[in-house]
Structure formats: C-alpha cells, structure tokens
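1. Sequence and predicted model, in that order:
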Amino acid sequence: MTTTNQALKQWIEEVTALTQPDTVHWCDGSDAEYGSLIKTMVADGTMEELDQKKWPNCYYHRSDPQDVARVEHLTFICSEKEEDAGPNNNWADPEEMKDKLKGLFDGCMKGRTMYVVPYCMGPISSPHSKIGVEVTDSAYVAANMKIMTRMGTQALEKLGDSTDFVKGLHSIGELDPERRYICHFPETREIMSFGSGYGGNALLGKKCHALRIASVQARDEGWMAEHMLILGLTSPEGEKHYVCAAFPSACGKTNLAMIIPPAEYKGWKAECVGDDIAWLRYGEDGRLWAINPEAGFFGVAPGTGAKTNPGALESLKTNSIFTNVAVTDDKQPWWEGLTDEPPAHATDWRGNDWTPASDKPAAHPNSRFTAPAKQCPIASPEMEAAEGVPISAFIFGGRRATTAPLVYQAFDWNHGVYVGAMAASETTAAATGAVGVVRRDPMAMKPFCGYNFGDYFQHWIEMGAKSDKAPKIFHVNWFRKGDDGKFLWPGFGQNMRVLDWILKRCVDAGDAVETPIGYVPADGALNLSGTNVDADTMAKLMDVNPDEWKTELAGEKEYLESYGDDMPKEMWDQYKALAERLQGVKA
Ligand code: OXD
Ligand code: MN
C-alpha cells in the first residue's frame, strides 16, 4: 500500500532518505497485518506468547529496564518563541533541536523495517477527529497503535489529499537514556521521538499528538484537549449525564471510567466513553461535547483486580498486549493486585525468578495493559458518536494525603478554573523520578500541555465565557489519609456516592453548604448508607484545616508568581478572593 497524498508521499520520502530503513511497510490496520507483526515479534523475542486458551490473542513484552515510563526531563516543546512553551515545559529552539535530532535519526533505521502508521484520533465519522501519521522502526509500537487508534487504510482514506495531518517520526534508536528526546514542534504540528519504546514516549497518537500538539491546536481553533476520562451515568429514573474527570497519571482515571456502582445504587448504569483523554467543543445547544480520541486503554496494571476494576479485567482478557507485568510458569500475566493469592513462582518484569518472598514487586509499578476499548463490558455506544457526548460536570483531583477534602464544588466557572489550576498531587511511577512528592499538576496537564500554562488558563477562562451552559466544576480527593496513615475513604465503586452528589448539584439539587474553598455536601447530603464511613471519619475527610490551607495558599501564591505577567488577572482575582475567605476561618 502507499498513498496518492502528495504531502504525505513527500514526507515519507524525506524520512526514508534520512533514516535509511531496509524496508518500508505501510500499515493497513488489518487483523491479518496485526497477526504478522506479532508473529515477527514472537520470532525475534520482542513478544512472548501467553496461554492462548486462557488469554486468546494476548502477548507479553518486556521492555528495556531503563525504558519503563515517560521521561518528562527529556520532553521538549520546541515552539518558535520560548515564552510560548512557558515555565511548565522544557523548551528548545526548533532549528537547533531539529539539527540535533537529524543527527540522531541519520541512518538509525539501517537494517530495520520502517512502519508507516496512519491513524485517526477520534471516531472515523467525526468531523472533530484528527489524522496523524507515525513513522516508527518498532513493530511493538505499530501493534500498540492498532489497539490504541483507528489505524491504517481507514485513516488514510479520511485524510484524502489533505495536508492537515500531524507528522510523527519515531525511532527506538539504541534505547540509550542518554540519547533520548521526545520533541514537539507545535507550530508545524510535528513530533520527533528518539530513543524510547515506552507508551507515552513512543505511541505518538496519545500524549504527544492528542494532548501536547492538540492542546495548541485547540487553543488556536477554540476547543479543548484535556487529560480527562469520560463517564456516562444513568439514574434508575433514566436521567443520563456525562462527566469528565482530570486526575494525574496513575491516580485512578481508568478505575473511575469503569466504575461499578455499589449495591445501594441498584438500577444505576455506568458507561465508559474514555479513560484518559477528552477533546471538547461547544455544540449548537451551548453545551460542551466530548469525544474520546483514543480507541484503546493503555492502563496501569498493578492494582487492577476483580474487586477494584472488573470492567478493565474483562477488557484485557483477549486481544491485549501486556508490558512489564510478571508472567506465571503457565504463561499467564500477573501483577500485584490481580489476585489475592500471588503465584508461588513467576518470572518478574526484569526476567528474573520471583516468589512471594521476594523483596521486589513482580510487576513494574508502571507496567501496562493495552486493550481495545470496545471490549470494555460497559463501553458506551456513544464511543463512536461523531459529535460525542454532552458534559455536565468537570471533576479535578489529585492524590493528596492532607489538605484537600473528599469533594467540593467551585462557586462558578472562573473559580473552577482556579481550583483546577491549583490542583496538586503526589507523583507516581508513570513518570521517571521520585514517587510521592507533592507537585502542582494543573488540570492534570503538567506533563501534557503543549504551551504556556498562563495562556492555557486564559483559554479556559475564555471557553467558560462562551456559554452559560458550561459544565459545573468540582474537586475530589479519594486519597486523604488519617493520622494512622490509612486512607479515610474506601474509594473505587464507593466513589459513586460522590458522583451522585455531583450529579444532583448539576441539576441544582443536592444540599450544600458554603465554605471558604467552595460548596461541600450538607450533613447527610452524601449517601453513606451501607458504608462503614462514620461521622467522625466524614468530618476528617471534609475538614478544611486552617493551618494546611495557610500553607496551601502560600504555595498557590508562589505558583502564580512563577508565571509573571503570563498569569491571567482572573487567576489572581480568584487567589485574592480565596485568601480573603480563608481569613474568616478560625484557627
Ligand atoms: C498515561 C499517563 O499513560 O498519563 O495515560 O502517563
Ligand atoms: Mn494519562
């Protein structure tokens, strides 16, 4: 296969001349092609076959131990002007970076096959979907892209002769962490990624295109590209709402996207539209509508089990790829949390013998499953809807042991933008670096916003001003801990109780009281029947501690200042109003 699209043809000729592959393979996206990619990888040891009876069409990949997560310190936004990248990004001059990268890409595919992977982010039928083409020398990447996107001929056909596509050049190079760069050129809508095979660095449709490049395009064109799950909830009375939630990586987006409501919520129906990314634009009805640009889940495996997320387990039972989990002696994937009883013996993610007595985890904490989204038992039929789904609420959150209460509602849109912008979270294993350090992660976009956060907050403010039907905004924290260091809130399915209150607030019901930080559920407004959360625990979960908020406020001020003149005035207005309200809090 090849193409009649001149711009694409020319670019492929250029990158072929640069990288000098032995063979060029245009991916058509067929099942047969996927099968032969897998066969090649099993033959060369890149993939291991799992028990095909228990895990049909499932395969296992063990990555280089130095290539297991996103590398934020090696990720660059190469905008023409440095201030456009902002303090939230590493910046490099586009010309200089391209020169450096050309040196790395020069001849890097000698002896290898170059896969040309056309892909569509969003439903093929949607006018809001975008086309990209990833060129890669990794069959593992091509196979994952088949699961994660609408890939191959269908994407090429949608592109037609248009020049409107994102160009993504990827090579695993020698997987040398010293020669690794993930670079974005927002003005020319290009991505160049060298030296890593890890999902977020290498599956260019996901973070690089659907968030970093798309966020810039969204600002230019008046829409939004966000790090958000999309969940539909229908009450027993048949009232249906969709919510979007932005949590940092590895903070439970996939779990919430597939929530199983507890027994007390009999008759409620949850439907998953997406677990990681939402593209949003206003519909003619003045509401914000969201599509999920992806077609698969690239989920964190550890902690995914029958109790925590049966929907994810069902999704990954067939046609899935497992990366850096452990493998049992009878060739089944295993990770901490999959079963209560660990296997007596397994091979760990590094390929070493493992037993439950081992002092190291069997699966890497950021090990992943790549599974087709349509296999989710609660996949929403609207996953393929061209216009997407209308959003009633935005929910921000993070992993905070202290300070942030279980749930609160912003007073209005601009306050909500401020709440999202000040969201903070303890770092996780999804990126290299220390785990458990609190850092600000505005809208969970710290690693993914392709431009200056000051301008991004301004864009949010402008989006809110466009309609009086914009979603209501909330903040949640499932991760607050008591003095004993244990989580106060049971989480998982029980989060439905918080969603219930949020949905009520969206239709101006649900009792709330005003606090300095926002509206919180009035006494008894959160349905706790059937839980063991007593009044004392609830008080701790909802506590707005004056000392903690004093520290928080000081941190927020410092953060706003770090953006200088780029920080919108509206954000400072919100800060001042919050500081004033907090003055009234008795210490
Ligand atoms: C992801 C991430 O893989 O956020 O989704 O790191
Ligand atoms: Mn993510």
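-> That came in fine, so what should we check first? Residues are numbered from 1 along each chain as shown. Ligands and ions are numbered 1, 2, ... in the order given.
2. Looking from ligand 1, tell me which residue of the stretch 351-500 of the chain is nearest.
-> Ligand 1 sits closest to Ala430 of the stretch 351-500 of the chain, with a gap of 3.9 Å, by CB to the nearest ligand atom. All C-beta spots, glycine's among them, are computed from the backbone N, C-alpha and C.
3. Can you report how many residues neighbour that residue?
-> 21 (other CB atoms under 10 Å).
4. got the contact list for it?
-> If a contact means CB atoms under 8 Å, 6 or more residues apart in numbering, then Ala430 has 69-70, 200, 248-250, 300, 366 as its contacts.
5. Export those residues as CSV, with columns for secondary structure and distance to His184.
-> Shown next, in CSV, are these (DSSP: H, G, I helix; E, B strand; the rest coil; distance: CB to CB, whole Å):
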residue, secondary structure, distance to His184
Ala69, coil, 18
Arg70, strand, 13
Gly200, helix, 13
Pro248, coil, 20
Ser249, coil, 18
Ala250, coil, 22
Val300, strand, 24
Asn366, coil, 22
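6. ok, those vs ligand 2, which is closest?
-> For these, the residue nearest ligand 2 by CB to the ion is Ser249; the value is 4.7 Å.
7. my guess is that closest one meets Val435, correct?
-> No: if you go by CB atoms under 8 Å, Ser249 and Val435 don't touch, sitting 11.5 Å apart.
8. list the contacts for the closest residue to ligand 1 within the stretch 101-250 of the chain?
-> Nearest to ligand 1, among the residues of the stretch 101-250 of the chain, is Ser249, at 3.1 Å (CB to the nearest ligand atom). Ser249 sits next to 70, 428, 430-431, 444, 447 when contact means CB under 8 Å, 6+ apart.
9. 10 Å instead, please
-> With contact set as CB atoms under 10 Å, 6 or more residues apart in numbering, Ser249 has these partners: 69-70, 200, 207, 227, 276, 300, 366, 425, 427-431, 441, 444, 446-448.
10. try Thr19
-> Taking CB under 10 Å, 6+ apart as the criterion, Thr19 is in contact with 104-110, 112, 114, 135, 137, 169, 171.
11. would TSV of those with secondary structure be doable?
-> As requested, those are exported to TSV (DSSP: H, G, I helix; E, B strand; the rest coil):
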residue	secondary structure
Leu104	helix
Phe105	helix
Asp106	coil
Gly107	coil
Cys108	coil
Met109	coil
Lys110	coil
Arg112	coil
Met114	strand
Val135	strand
Asp137	coil
Leu169	strand
Ser171	strand
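12. got CSV for these, with pLDDT, neighbour count and distance to ligand 2 too?
-> Formatted as CSV, those follow (pLDDT from 0 to 100; neighbours: other CB atoms under 10 Å; distance: CB to the ion, whole Å):
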residue, pLDDT, neighbour count, distance to ligand 2
Leu104, 98, 19, 26
Phe105, 98, 22, 27
Asp106, 98, 12, 32
Gly107, 98, 11, 33
Cys108, 98, 21, 28
Met109, 98, 24, 29
Lys110, 98, 11, 34
Arg112, 98, 18, 29
Met114, 98, 22, 28
Val135, 98, 24, 24
Asp137, 98, 24, 25
Leu169, 98, 24, 22
Ser171, 98, 27, 23
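13. Of all residues in the stretch 251-400 of the chain, which one is closest to ligand 1?
-> For the stretch 251-400 of the chain, CB to the nearest ligand atom, closest residue to ligand 1: Asp276, 4.8 Å.
14. Just the contacts of Ser249: which are in helices?
-> Gly200 (DSSP state H).
15. so of the contacts of Ser249, which ones are in strands?
-> Using DSSP state E, the subset of the contacts of Ser249 located in strands is 300, 425.
16. Does Asp330 touch Pro343 like I think?
-> Yes: applying CB atoms under 10 Å, one finds Asp330 in contact with Pro343, separated by 8.7 Å.
17. Same drill for these two, tell me which one is more crowded.
-> Pro343 (18 against 10).
18. Isn't that one up against Glu336?
-> No: no contact is recorded between Pro343 and Glu336 when judged using CB under 10 Å, the distance being 11.3 Å.
19. what residues do these two have in common as contacts?
-> 326, 362.
20. need the strands for the stretch 201-350 of the chain, in chain order.
-> For the stretch 201-350 of the chain, the strands defined by DSSP state E, counting those that start in this stretch cover 224-226, 229-234, 240-246, 269-274, 278-282, 288-291, 296-300, 321-323, 326-328, 333-334, 346-347.
21. any idea which of those strands is most buried?
-> Most buried of those, by mean neighbour count (mean count of other CB atoms under 10 Å): strand 321-323, with a mean of 28.
22. and that one, which strands flank it?
-> Strand pairing for strand 321-323, determined by DSSP bridges: strand 59-61 (parallel), strand 368-372 (antiparallel).
23. low pLDDT regions in this protein?
-> Along the chain, the model assigns pLDDT under 70 to residues 1, 585-587.
24. who in it is up against ligand 1?
-> Neighbours of ligand 1 within the chain, by CB under 6 Å from any ligand atom: 70, 199-200, 249, 276, 298, 430.
25. Assess the claim that Leu582 and Thr551 are in contact.
-> No: in this structure, Leu582 is not within contact of Thr551 by CB under 10 Å, at 11.4 Å.
26. Comparing those two, which residue is more hemmed in?
-> Neighbour count, other CB under 10 Å: between Leu582 and Thr551, Leu582 has more, with 17 against 13.
27. returning to that earlier point: okay, the strands of the stretch 201-350 of the chain in CSV with distance to Ile213 next?
-> Compiled in CSV, the strands of the stretch 201-350 of the chain are given as follows (distance: least, CB to CB, whole Å):
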stretch, distance to Ile213
strand 224-226, 9
strand 229-234, 20
strand 240-246, 18
strand 269-274, 18
strand 278-282, 12
strand 288-291, 16
strand 296-300, 18
strand 321-323, 24
strand 326-328, 35
strand 333-334, 32
strand 346-347, 38
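28. Between these, which one is closest to ligand 2.
-> Of all those, it is strand 296-300 that lies closest to ligand 2, at 7.9 Å by CB to the ion.
29. Dihedrals phi and psi, the spatially closest residue to His73 that is not a sequence neighbour?
-> Leaving out its chain neighbours, the residue that sits closest to His73 by CB to CB, 6 or more residues apart in numbering is Asn90, at 7.1 Å. Backbone torsions for Asn90, taken as degrees, to the nearest 10, come to phi -80, psi 130.
30. what's the answer for Val407, then?
-> According to degrees, to the nearest 10, Val407 has phi -160, psi 140.
31. just how off-centre is stretch 442-458 within its chain?
-> Stretch 442-458 sits 14 Å away from the centroid of its parent chain (CA atoms, centre = their mean, to the nearest Å).
32. Just the CA coordinates for that stretch, please, in CSV.
-> Output of stretch 442-458 as CSV, limited to C-alpha atoms (Å, rounded to 0.1, in the frame of the first residue of the first chain):
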residue,chain,number,x,y,z
PRO,A,442,-2.9,21.9,36.9
MET,A,443,-5.9,20.1,35.3
ALA,A,444,-3.6,17.0,35.4
MET,A,445,-1.9,18.6,32.4
LYS,A,446,1.5,19.4,33.8
PRO,A,447,3.3,16.8,31.6
PHE,A,448,1.0,17.3,28.6
CYS,A,449,0.1,21.0,28.0
GLY,A,450,1.9,22.0,24.7
TYR,A,451,2.1,25.7,25.6
ASN,A,452,2.4,28.2,28.4
PHE,A,453,0.1,27.4,31.3
GLY,A,454,-0.6,31.1,31.7
ASP,A,455,-2.1,31.1,28.2
TYR,A,456,-3.8,27.8,28.9
PHE,A,457,-5.7,29.2,31.9
GLN,A,458,-6.7,32.2,29.8
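33. I'd like the distance between Val24 and ligand 2.
-> Distance of Val24 to ligand 2, given as CB to the ion, to the nearest Å: 31 Å.
34. Pretty sure that residue sits against Thr136.
-> No: the pair Val24 / Thr136 is not scored as a contact, 11.5 Å apart, by CB under 10 Å.
35. which of the two has more neighbours?
-> When neighbours are counted by other CB under 10 Å, Val24 and Thr136 differ, and Thr136 comes out ahead with 28 against 17.
36. out of everything not next to it in sequence, what's closest to the more buried one?
-> Nearest residue to Thr136, sequence neighbours excluded (CB to CB, 6+ apart): His170, at 4.2 Å.
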